[in-house]
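> predicted model follows, preceded by the sequence.
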Amino acid sequence: MLLTRIKGPRDLDRLSQEELDQLAAEIRSFLVDAVSKTGGHLGPNLGVVELTIALHRVFDSPKDKVLFDTGHQAYVHKLLTGRQDFGNLRAKGGLSGYPSRAESDHDVIENSHASTVLGWADGLAKANEVLGREDHHVAAVIGDGALTGGMAWEALNNIAAAKDRPLVIVVNDNERSYGPTIGGLANHLATLRTTDGYERFLARGKEILERTPVVGKPLFETLHGAKKGLKDFIAPQGMFEDLGLKYIGPIDGHDIEALESALTRAKRFSGPVIVHCLTQKGRGYTHAEQDEADRFHGIGPIHPDTGLPVSTDAASWTSVFADEMVKLGKERKDIVAITAAMLQPVGLKKFADAYPDRIFDVGIAEQHGATSAAGLATGGAHPVFAVYATFLNRAFDQVLMDVALHKCGVTFVLDRAGVTGTDGASHNGMWDMSIMQVVPGLRLAAPRDAEQLRAQLREAVEVKDAPTVVRYSKGVVGPAVPAVGKAGGMDVLRAPGADVTRPDVLLVSVGALAPMCLEIADLLDKQGITTTVVDPRWVKPVDEALAPLADRHRVVVTVEDNGRTGGVGSAVSQALRDAGVDVPLRDFGIPQRFLDHASRKEVMAEIGLTAPDIARQVTGLVAKLDGRYDSEPAAAVD
């Protein structure tokens, strides 16, 4: 196999055109076989095989910087830079699903949030200029979906201002992010890809006119001199050229020879150049090509011959939300939904099918989405903006100043909250409850099961004078966790016997960690430690009933699937201090560090967020209060 002989990009230099085509076929076969076993981003990588080969033949990585946005199309790049062991892709100890500096000098951007690559490229090109590195080049690959993000256009505005600073921008135009790309930019690119190119027209015109006696040559020169207007008429790439960016394309993104020619011309140019490449997401794998939802953008393990999942999961948090949104839409005509280019992943496809006039896809533009939601709310609608928890970080200022300051009734639904695991550091939703704590008036719900998700979503959309947030985990929703009582607005999940006058521990359970917290209580009970377990349901603001309840216990423990700094534990601690309740508090959550990719279970074990780990530490704390623990460790808890 040719692929096994590729240890680095320069091994591509000696391959003939026929061998390059063979290599492309081998890479596609490898990807289908490997990713079908592990899961991962299959469709995007099948679409950039030839493009990545051409990039690495034209540019000399790692001296030249080849950057990918968002990075989920970097598997081919990994293969061509010596990383061909995909056996543990996205698993602990295996390759990351995104570029990783720890893996290779060829990787630059680890952040897998979209629309950032042009900012990186601008900075790197400036560094080359400042440091006099004229033999260094920067090539940034950005999809048409990522180009819908505001950051990309802020960068383009700056890039275009330096007309003599070399930088190659490769637009990987497959008409999709997850689903089809939408908006004015998408329409413009569609025009470019469906209109005969200017260069082809001009070449044909020259051939005809030069054969025309007397007037042919002067007429051609006149037309050529007016080429800007002619270009806009024939192939309206003017949007890019009006910014001051040289435009090359559209190029067949699966023709290695054509790609190399275009990229070589772009590399030689002394300023910023856009190379517009047309690719097919999922190319070469029939099941991906025929998948209308997202062309197998991200998959779990599948049967490669059929394209069907190896196993069918039970109901997921996302599917529960999806079904409830359809019901809400039927009951209330003012309910509208917003997605940032992730209609299918966040569960809004059913709502869109049922109410196509009440769904708004803003593209990869979370900031705009949040402010647009404020406008919708002010206009009398109640918007539900569903987004991955990690991506709400990008819209913090808009949540604070546009939504909260104006007391707009907007509901943010955060999917993939807490530890998500396999997609690595940038995808763990571990910041939302900390960030949102500082927003005045905002109310934040963390449902523990499907029933509570349905109930709390309904409670959220009833709020008309403040933003609300409902956050839940990734994957399968667990069994129902019934309440045994109420304390203010909180659910009591476990209570000591009536004969216990002052229980040892008040355990505050946040969201989907309720089953684990009940397990902690069982382990503590075996040590003779009495425990009350409560679910606040709404973790912001802190329920007024929590302080007097805490005062009737010896120790307060909070457990959350969020960063410890500024999280629910911190808010509870502050509420107790404000109420004058002087009870020891121990908060358990995610440490404030970037977590390596692994399964959720493995990550939780690594950071000590498991029932045995927490029970062991709480046992030691109670023993210390009893005077039974000085310097010796507490008894082990099985």
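Received the coordinates, thanks. Quantities reported herein were computed from a predicted structural model and do not represent experimental measurements.
> which strand or helix spans Ala377?
helix 366-378 (DSSP states H and E).
> any idea of the mean pLDDT for that helix?
Helix 366-378 shows a mean pLDDT of 96 in the predicted model.
> just stretch 4-23 next, same as before
Here the average pLDDT along stretch 4-23 is 96.
> so how far is that stretch off the chain centroid?
Counting by CA atoms, centre = their mean, to the nearest Å, stretch 4-23 is centred 33 Å from the centre of its parent chain.
> likewise for stretch 135-150?
17 Å.
> ok, now stretch 102-116?
Worked out by CA atoms, centre = their mean, stretch 102-116 lies 14 Å from the chain centre.
> equivalent analysis for stretch 247-254, please.
For stretch 247-254, the distance to the chain centre is 28 Å (CA atoms, centre = their mean).
> can you offset everything so residue one is 6?
Okay, using 6 as the starting number, the last item reads as stretch 252-259.
> got the contact list for the following helix or strand past the helix holding Ala382?
Later in the chain than helix 371-383, the nearest helix or strand by DSSP H and E is strand 387-393. Residues outside strand 387-393 that contact it (CB atoms under 8 Å, 6 or more residues apart in numbering): 326, 330, 333, 337, 339-345, 347, 350-353, 371, 374-375, 377-378, 381-382, 400, 414-421, 432, 434, 466, 469. C-beta: built from backbone N, CA, C; applies to glycine.
> so which of those are in strands?
Ile340, Val341, Ala342, Ile343, Thr344, Thr416, Phe417, Val418, Leu419, Asp420 (DSSP state E).
> from these, keep the buried residues only.
By neighbour count, with 16 or more other CB atoms under 10 Å, the ones in strands among the contacts of strand 387-393 hold Ile340, Val341, Ala342, Ile343, Thr344, Thr416, Phe417, Val418, Leu419, Asp420 as buried.
> the last one and Leu458, how far apart?
Here Asp420 is placed at a distance of 11 Å from Leu458 (CB to CB, to the nearest Å).
> where do the strands sit along the stretch 106-255 of the chain?
All strands of the stretch 106-255 of the chain, identified by DSSP state E, counting those that start in this stretch, fall at 143-148, 172-178, 251-257.
> which elements pack onto the next helix or strand after the last one?
Yep, that's strand 251-257 we're talking about. Toward the C-terminal end, the helix or strand that comes next after strand 251-257 (DSSP H and E) is helix 261-273. Counting contacts by 3 or more CB pairs under 8 Å, 6 or more residues apart in numbering; DSSP states H and E, helix 261-273 is packed against helix 22-43, helix 54-63, strand 172-178, strand 251-257, strand 277-283.
> okay, and the helix or strand of the protein with the least pLDDT?
Within the chain, no helix or strand scores below helix 232-239, which has a mean of 40 by mean pLDDT, DSSP states H and E.
> so which strand or helix has Arg459?
Counting by DSSP H and E, Arg459 is found in helix 455-466.
> quick one, that helix and strand 416-420 angle?
150 degrees (axes from the mean of the first three to the mean of the last three CA atoms, to 10 degrees).
> now helix 455-466: average pLDDT?
Rounded mean pLDDT across helix 455-466 is 98.
> give the buried residues for it.
Neighbour-count burial for helix 455-466 [16+ other CB under 10 Å]: Ala455, Gln457, Leu458, Arg459, Gln461, Leu462, Glu464, Ala465, Val466.
> then stretch 262-273?
Buried residues in stretch 262-273, defined by neighbour count with 16+ other CB under 10 Å: Ala263, Leu264, Glu265, Ala267, Leu268, Ala271, Lys272.
> same question, stretch 39-47
Buried-residue list, stretch 39-47, by 16+ other CB under 10 Å: Ala39, Val40, Ser41, Thr43, Gly44, Gly45, His46, Leu47.
> does the second one touch Gly92 like I think?
In other words, Val40. No - Val40 is not in contact with Gly92 according to CB atoms under 8 Å; the separation is 11.4 Å.
> before we move on, back to that, just the buried residues of stretch 39-47 now: which is nearest Val560?
Comparing the buried residues of stretch 39-47 against Val560 with CB to CB places Gly44 closest, at 41.4 Å.
> now for the nearest residue in space to that closest one that is not next to it in sequence, how many residues are close by?
Excluding the flanking residues, the one nearest Gly44 by CB to CB, 6 or more residues apart in numbering is Gly305, at 4.3 Å. Close neighbours of Gly305, defined as other CB atoms under 10 Å, add up to 12.
> try Glu115
There are 17 residues near Glu115, going by other CB under 10 Å.
> dump stretch 106-126 to PDB, restricted to CA.
This file holds the C-alpha atoms of stretch 106-126, laid out as PDB (Å, rounded to 0.1, in the frame of the first residue of the first chain):
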ATOM      1  CA  ARG A 106       0.100  19.900  19.400                       C
ATOM      2  CA  ALA A 107       1.000  17.000  21.800                       C
ATOM      3  CA  GLU A 108       0.800  14.700  18.800                       C
ATOM      4  CA  SER A 109       2.700  16.500  16.100                       C
ATOM      5  CA  ASP A 110       4.700  19.700  15.200                       C
ATOM      6  CA  HIS A 111       2.400  19.700  12.100                       C
ATOM      7  CA  ASP A 112      -0.600  20.700  14.300                       C
ATOM      8  CA  VAL A 113      -1.200  24.300  15.200                       C
ATOM      9  CA  ILE A 114      -4.800  24.900  16.400                       C
ATOM     10  CA  GLU A 115      -6.200  22.600  19.100                       C
ATOM     11  CA  ASN A 116      -9.300  24.700  19.600                       C
ATOM     12  CA  SER A 117     -12.100  23.000  17.700                       C
ATOM     13  CA  HIS A 118     -14.600  25.900  17.900                       C
ATOM     14  CA  ALA A 119     -15.400  27.100  14.400                       C
ATOM     15  CA  SER A 120     -14.600  30.300  12.500                       C
ATOM     16  CA  THR A 121     -11.300  30.900  14.400                       C
ATOM     17  CA  VAL A 122      -8.700  29.900  11.700                       C
ATOM     18  CA  LEU A 123      -8.500  33.200   9.900                       C
ATOM     19  CA  GLY A 124      -7.700  35.000  13.000                       C
ATOM     20  CA  TRP A 125      -4.900  32.500  13.700                       C
ATOM     21  CA  ALA A 126      -3.700  32.800  10.100                       C
END
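> tell me the mean pLDDT for that stretch?
90.
> check the offset of that stretch from the chain's centre.
On CA atoms, centre = their mean, the centre of stretch 106-126 falls 14 Å from that of its chain.
> and that stretch, what's buried?
Quick answer for stretch 106-126 (16+ other CB under 10 Å): 108-109, 111-115, 117-126.
> looking at the strands of the stretch 106-255 of the chain, which one has the lowest mean pLDDT?
strand 251-257 (a mean of 90).
> contact partners for the nearest residue to Ala603 once chain neighbours are set aside?
Spatial nearest neighbour of Ala603, excluding adjacent residues (CB to CB, 6+ apart): Lys97 at 3.6 Å. Contacts for Lys97 (CB under 8 Å, 6+ apart) come out as Asp601, His602, Ala603, Ser604, Glu607.
> hmm, back to that, I'd like the helices and strands packed on helix 261-273 as a markdown table, with distance to Ala409 appended.
Below are those laid out as a markdown table (distance: least, CB to CB, whole Å):
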| stretch | distance to Ala409 |
| --- | --- |
| helix 22-43 | 41 |
| helix 54-63 | 43 |
| strand 172-178 | 36 |
| strand 251-257 | 42 |
| strand 277-283 | 38 |
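> what helices or strands is the helix holding Ala382 leaning on?
Counting by 3+ CB pairs under 8 Å, 6+ apart, helix 371-383 packs on strand 340-344, strand 387-393.
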